[in-house]
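>>> Predicted structure and sequence below. I'll ask about it afterward.
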Amino acid sequence: MRTEHALVAVAALVIGSHFASGQVTIYQGDAATEAAWRSAAAGIGGTVPLENFESYLGTPGPCQNRTDPVVALPALGVVLHGVVSGSYPGCYDDVMFAHSGAKQLANFGYDVPCANAVDYFIAASPGRVIRCAGLWQCDPQGNLTIVAEDASGSPMFTFVALINNQSGNSFGGFVSSLPVARLRVLGAEGDGWNHLDDLQIVTLCAADFNGDTSVDDFDFFDFLNAFNANDISADFNADTSVDDFDYFDFLNAFFGGC
């Protein structure tokens, strides 16, 4: 058996734009911050897809005309669902609060039952992992906190997009060197209704260890070298330790493909 290598992921404030640690960089701020985040995200995935939700019908308010559940965003490599079985986030149609256009992703778009303070999940599609995410907070009632979780549902870190008070500082995002399985968007903040716009997510095939957008022998040997060195990058299941579970989880992903 291998000796487990504990990971430390304590974030420290970097004045001006973001928080940083060895495993994750958190971005919080304005359009310049978004540009810096997009540059970093492009370094991970090459392209940074964006969803502005303008193709959805949109509800004019909480619990009204809930006919457009957001179940999947294939271009972003994610699927969505609520904390209640059979529930999904939807879209809010209000140009006053949108970052661009009029539509925003909202927890009151298609939840069952319709109630405020509802959380929902943005999860990596099967065989993929989230490495970068960015968005604009649209709610003028409070901040928006999002919890990044591993494959077991355990919290990894959080990032916050500040209240939309028209100051232009409501962008939030992260870039992670460790795989994130899903994002939990918290609903119990502000007035309980949350909405966000211009969602940007970079996902990679889980077995693409070196992040070159292809799965091949280089990924296998790069992972093996990191694993044998007890390097933190070999924490494939992101449970804060490098052990045999990471090795077998990587093999399953590698031979399973995407």
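Nice, I can see it. Numbers count the residues shown, from 1 in each chain.
>>> And residue 62, its phi and psi?
Residue 62 adopts backbone torsions of phi -50, psi 130, taken as degrees, to the nearest 10.
>>> Remind me which helix or strand the closest residue to it other than its chain neighbours belongs to.
Counting by Cβ to Cβ, 6 or more residues apart in numbering, residue 108 is the residue found nearest to residue 62 once chain neighbours are left out, at 4.1 Å. Heads up, the C-betas are built off the backbone N, CA and C, glycines and all. Assessed by DSSP states H and E, residue 108 sits inside strand 103-110.
>>> Give me the helices and strands touching that strand, please.
strand 88-93, strand 195-205 (3 or more Cβ pairs under 8 Å, 6 or more residues apart in numbering; DSSP states H and E).
>>> Please enumerate residues in contact with it?
51-54, 56, 58-59, 62-63, 66-70, 82, 87-94, 97-98, 114, 116, 118-120, 138, 185, 187, 193-197, 199 (Cβ atoms under 8 Å, 6 or more residues apart in numbering).
>>> Could you list the low-pLDDT ranges of the stretch 101-250 of the chain?
By pLDDT under 70, the low-scoring segments of the stretch 101-250 of the chain are 109-116, 238, 240.
>>> In the stretch 151-258 of the chain, mark out all the helices, start to finish.
Per DSSP state H, counting those that start in this stretch, the stretch 151-258 of the chain carries helices over the ranges 217-228, 244-256.
>>> Check which residues of stretch 195-215 are buried.
195-211, 215 (16 or more other Cβ atoms under 10 Å).
>>> so what's residue 123 closest to, chain neighbours aside?
Of all residues not flanking residue 123 in the chain, residue 182 sits nearest, at 3.7 Å (Cβ to Cβ, 6+ apart).
>>> correct me, but the one you found touches residue 128?
No: using Cβ atoms under 8 Å, residue 182 makes no contact with residue 128, being 11.0 Å away.
>>> returning to that earlier point: count of residues packed around the residue nearest to residue 62?
With neighbours defined by other Cβ atoms under 10 Å, the count for residue 108 comes to 24.
>>> next one: residue 84
14.
>>> what's the spacing between residue 39 and residue 141?
31 Å (Cβ to Cβ, to the nearest Å).
>>> Show the contacting residues for residue 94.
Contacts for residue 94 (Cβ under 8 Å, 6+ apart) come out as 60, 61, 102, 104.
>>> Quick check: the second one is in a helix.
No: the secondary structure assignment for residue 61 gives coil rather than a helix, going by DSSP: H, G, I helix; E, B strand; the rest coil.
>>> mind checking pLDDT for it?
Listed pLDDT for residue 61 reads 75.
>>> From residue 227, how far off is it?
Per Cβ to Cβ, residue 61 is found 52 Å from residue 227.
>>> quick one: which of those two has more around it?
For the pair residue 61 and residue 227, the greater number of neighbours falls to residue 227 (21 against 12), based on other Cβ under 10 Å.
>>> Find the residue closest to the more buried one in space, skipping its chain neighbours.
Excluding the flanking residues, the one nearest residue 227 by Cβ to Cβ, 6+ apart is residue 234, at 4.1 Å.
>>> ditto for residue 210
Nearest to residue 210 is residue 222, by Cβ to Cβ, 6+ apart, at 4.8 Å.
>>> does the one you found really touch residue 208, like I thought?
No: contact criterion Cβ under 8 Å: residue 222 and residue 208 do not qualify, at 10.2 Å.
>>> thinking again about what came up before, past the strand holding residue 108, which element shows up next along the chain?
Next element after strand 103-110 (DSSP H and E): strand 120-124.
>>> and that next one, what does it pack onto?
Using 3+ Cβ pairs under 8 Å, 6+ apart, strand 120-124 sits against strand 78-82, strand 182-185, strand 195-205.
>>> rewinding a little: could I have the buried ones of the contacts of strand 103-110 as PyMOL selection syntax?
To isolate the buried members of these in PyMOL, using 16+ other Cβ under 10 Å:
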select buried, resi 51+52+53+56+58+59+62+66+68+69+70+82+87+88+89+90+91+92+93+94+97+98+116+118+119+120+138+185+187+193+194+195+196+197+199
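>>> Fine by me, thanks again.
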